[in-house]
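Asker: Generate coordinates for the sequence data below:
(2 chains)
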Protein chains: 2
Amino acid sequence: MDKMSIGQHISQQFNAELEDIRTRVLNMGGLVEQQLADALTAVMDENTELAELVINGDLKVNAMEVNIDEECSRILARRQPAASDLRLIVAVIKTITDLERCGDQAERVASIAMRLTGGRENRNHYEDLVHLGNHVRQLLHDALDAFARMDPEAAVQVARDDINVDKEYDALTRQLITYMMEDPRTITRSLDVLWAARALERIGDHARNICEYVVYLVRGKDVRHVSLDQMEEEARKR
Amino acid sequence: MDKMSIGQHISQQFNAELEDIRTRVLNMGGLVEQQLADALTAVMDENTELAELVINGDLKVNAMEVNIDEECSRILARRQPAASDLRLIVAVIKTITDLERCGDQAERVASIAMRLTGGRENRNHYEDLVHLGNHVRQLLHDALDAFARMDPEAAVQVARDDINVDKEYDALTRQLITYMMEDPRTITRSLDVLWAARALERIGDHARNICEYVVYLVRGKDVRHVSLDQMEEEARKR
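Answerer: Numbering: from 1, shown residues only, chains lettered A, B, ... in the order given. Okay, the predicted model is just below:
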């Protein structure tokens, strides 16, 4: 399915509705990306005001999820879509659930940023954390880009990159554990960094889920529980 | 909507399909409950064989998710359901995503059980962990029961109980942090207990999500991002 096939409906109105739903998902994704970027800046700059903005901003993410979900139900009921149109709606319902949970994780990072403010001892781990965060931001951005372009092969590349995020997360975890062992007074703060890292790693998983829906949507194959190589094979089939 | 309304379709076949999908969700839920129970037993008894069974069993959970999803798409395409039938299908699509993620968390607890085997130092925290786990099991069971009986008021009670799970999780986290600070040699193992506790707490969140879908399905109101009191108000409306 490409943008061409969206243009083949008899009803112009239906086309417009499907386009609109895609645009809304991308807007929601854009907001979540911004929330994540702001949460990372809040950590790095110890900016509690920005952290509060992120926490309050999650309400907007939630509202977008509810609105898009309602619109999907309306389209299912009125238009009774089939084939690739139906897959688009199902993929959207799933994608926005993952986006909403990315938003929750960004909010979590912002809450941790508020707690971390004022300490100086762990700054080098902050940088590692923000490095991981920027990697995850790129991953989420690329996943949304694959969704926007309905490009299953790009989606597979993003899913592959999530492995690197996991590796970076594991390395940071090991460093933090060593650090805690060497100086137990840092345990509370190091755990906060660890929780933030885990939240970021979870966003990577959600981005990967979104990539799986892109393959499903375009190729009609459910690739959620298969290997990356199998996912790639399905993505290449035409 | 109650079971009566499912019986009002002109097509007996359609009724049978909707009943079948509900049964499949409950079977999937039953399997996830069992996976969780086995993961907790594996922790408590340091039973690595059982832990491995749980890890392998997650494939079954995943397969059930994929099958139910396919069946939902088939029903959407062929039957073009409206009103409460459509809400049932949408609620099922969302519920099985949460159930699958509960399964992932049970698998995570089982993996941690394998790592924890052989150490004796933290046994008292094991008991706290299993206590939390049993609370979460009950929560998941009650959420599935509310789904089975399509009982929105019961669903609200379950959602309220998730607050107690969160409190129990917070208390255990605090205990573990104190313990690590007192004896840094326990950090690695204590963190494993902490990760397992977090996995259990996440299952509680998923159970709460399922409760929200029950209210949506029966009352037609999206209560995902509202307060518990508002959720209760919606659940009571007829």
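Asker: Could you use CA atoms for every contact and neighbour count after this?
Answerer: OK.
Asker: Spatially central residue for chain A, please.
Answerer: In chain A, the residue lying closest to the centroid (Cα atoms, centre = their mean) is A:A207, at 4.1 Å.
Asker: so what's that one up against?
Answerer: If you count contacts by Cα atoms under 8 Å, 6 or more residues apart in numbering or on different chains, A:A207 has them with A:98, A:139-140, A:143, A:159.
Asker: Now, those that are in strands?
Answerer: Mapping the contacts of A:A207 onto strands (DSSP state E) picks out no residues; all lie outside.
Asker: Would you mind checking which of these is nearest to B:Y213?
Answerer: A:D98 (16.1 Å; Cα to Cα).
Asker: List the residues that contact that closest one.
Answerer: A:206-207, A:209-210.
Asker: Nearest residue to A:C102 in space, please, no chain neighbours.
Answerer: A:I203 (5.2 Å; Cα to Cα, 6 or more residues apart in numbering or on different chains).
Asker: can you tell me which residues contact that neighbour?
Answerer: A:I203 touches A:101-102, A:105, A:136, A:140, counting by Cα under 8 Å, 6+ apart.
Asker: Ok, A:L129 next?
Answerer: So A:L129 contacts A:172, A:193, A:196-197 (Cα under 8 Å, 6+ apart).
Asker: any idea which helix or strand carries it?
Answerer: Applying DSSP states H and E as the criterion places A:L129 in helix A:123-149.
Asker: neighbour-wise, which of the contacts of A:I203 leads?
Answerer: A:L140 (29 neighbours; other Cα atoms under 10 Å in any protein chain shown).
Asker: I'd guessed that residue sits against A:R202; true?
Answerer: No - the pair A:L140 and A:R202 does not pass the contact test of Cα atoms under 8 Å, sitting 11.1 Å apart.
Asker: Report the set of residues contacting both of these two.
Answerer: Joint contacts of A:L140 and A:R202 (Cα under 8 Å, 6+ apart) do not exist.
Asker: thinking again about what came up before, ok, so of the contacts of A:A207, who is nearest B:G30?
Answerer: A:D98 (24.4 Å).
Asker: ok so, going back, give me the pLDDT for the residue nearest to A:C102.
Answerer: Per-residue confidence (pLDDT) for A:I203: 98.
Asker: any idea how far B:T178 is from the closest residue to A:A77 other than its chain neighbours?
Answerer: Closest residue to A:A77 apart from its sequence neighbours, by Cα to Cα, 6+ apart: B:A82 at 5.3 Å. Distance, B:A82 to B:T178, by Cα to Cα, to the nearest Å: 55 Å.
Asker: Which of the two has more residues huddled nearby?
Answerer: Neighbours per residue, other Cα under 10 Å: of B:A82 and B:T178, the larger number sits with B:A82, 17 against 14.
Asker: Report the separation between A:T178 and chain B.
Answerer: Distance, A:T178 to chain B, using Cα to the nearest Cα, to the nearest Å: 9 Å.
Asker: Wait, A:T173 touches A:L194, no?
Answerer: Yes - assessed by Cα under 8 Å, A:T173 is found in contact with A:L194 at 6.5 Å.
Asker: Alongside chain B, which residues does chain A contribute?
Answerer: Residues of chain A found near chain B (Cα under 8 Å from any Cα of the partner chain) are A:62, A:66, A:73, A:76-77, A:80-83, A:86-87, A:90, A:94, A:177, A:180-181, A:184-185, A:187-188, A:222, A:225.
Asker: Mark which of those are part of helices, please.
Answerer: Using DSSP state H, the members of these that fall in helices are A:62, A:66, A:73, A:76-77, A:83, A:86-87, A:90, A:94, A:177, A:180-181, A:187-188.
Asker: Buried ones from those, can you make that a ChimeraX selection?
Answerer: Here is the ChimeraX command that selects the buried residues among these (16 or more other Cα atoms under 10 Å in any protein chain shown):
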select /A:62,66,73,76,77,86,87,90,94,177,180,181,187,188
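Asker: Out of the ones in helices among the residues of chain A next to chain B, which two sit at the greatest distance?
Answerer: Maximum distance among these (Cα to Cα): 57.8 Å, for A:A77 and A:M181.
Asker: what's the burial count for the nearest residue to A:A106 once chain neighbours are set aside?
Answerer: Excluding its sequence neighbours, the residue lying closest to A:A106 (Cα to Cα, 6+ apart) is A:L36, at 5.0 Å. By the criterion of other Cα under 10 Å, A:L36 has 29 neighbours.
Asker: Quick check, pLDDT for A:L36.
Answerer: Confidence score, pLDDT, at A:L36: 98.
Asker: Isn't it up against A:R101?
Answerer: No - at 11.7 Å, A:L36 does not count as touching A:R101 under the criterion of Cα under 8 Å.
Asker: By mean pLDDT, point me to the weakest helix or strand of chain A.
Answerer: Here the helix or strand of chain A ranked lowest by mean pLDDT, DSSP states H and E is helix A:3-6, holding a mean of 51.
Asker: After that one, which helix or strand is next?
Answerer: By DSSP H and E, the next helix or strand past helix A:3-6 is helix A:12-45.
Asker: ok and that following helix relative to helix A:123-149, angle-wise?
Answerer: 170 degrees (axes from the mean of the first three to the mean of the last three Cα atoms, to 10 degrees).
Asker: For helix A:12-45, which helices and strands make contact with it?
Answerer: Secondary-structure packing of helix A:12-45 (3 or more Cα pairs under 8 Å, 6 or more residues apart in numbering or on different chains; DSSP states H and E): helix A:3-6, helix A:48-79, helix A:83-116, helix A:123-149.
Asker: For that helix, what is the distance to the chain centroid?
Answerer: From the chain centre to the centre of helix A:12-45 is a distance of 10 Å (Cα atoms, centre = their mean, to the nearest Å).
Asker: What residues sit buried inside that helix?
Answerer: Quick answer for helix A:12-45 (16+ other Cα under 10 Å): A:14-15, A:17-18, A:21-22, A:24-26, A:28-44.
Asker: Next one: A:D151 relative to A:E33, how far apart?
Answerer: 20 Å.
Asker: ok, now A:A113?
Answerer: In terms of Cα to Cα, A:A113 sits 17 Å off from A:E33.
Asker: again with A:D85
Answerer: Distance from A:D85 to A:E33, by Cα to Cα: 26 Å.
Asker: Over to A:I210?
Answerer: From A:I210 to A:E33 the distance is 14 Å (Cα to Cα).
Asker: One more: A:G204?
Answerer: Taken as Cα to Cα, the span from A:G204 to A:E33 is 12 Å.
Asker: low pLDDT regions in chain A?
Answerer: Filtered on pLDDT under 70, chain A yields the residue ranges A:1-10, A:119-122, A:124.
Asker: now stretch A:231-238: how far from the chain's centre is it?
Answerer: 22 Å.
Asker: again with stretch A:75-87
Answerer: Using Cα atoms, centre = their mean, the offset of stretch A:75-87 from its chain centre is 25 Å.
Asker: What of stretch A:179-187?
Answerer: 32 Å.
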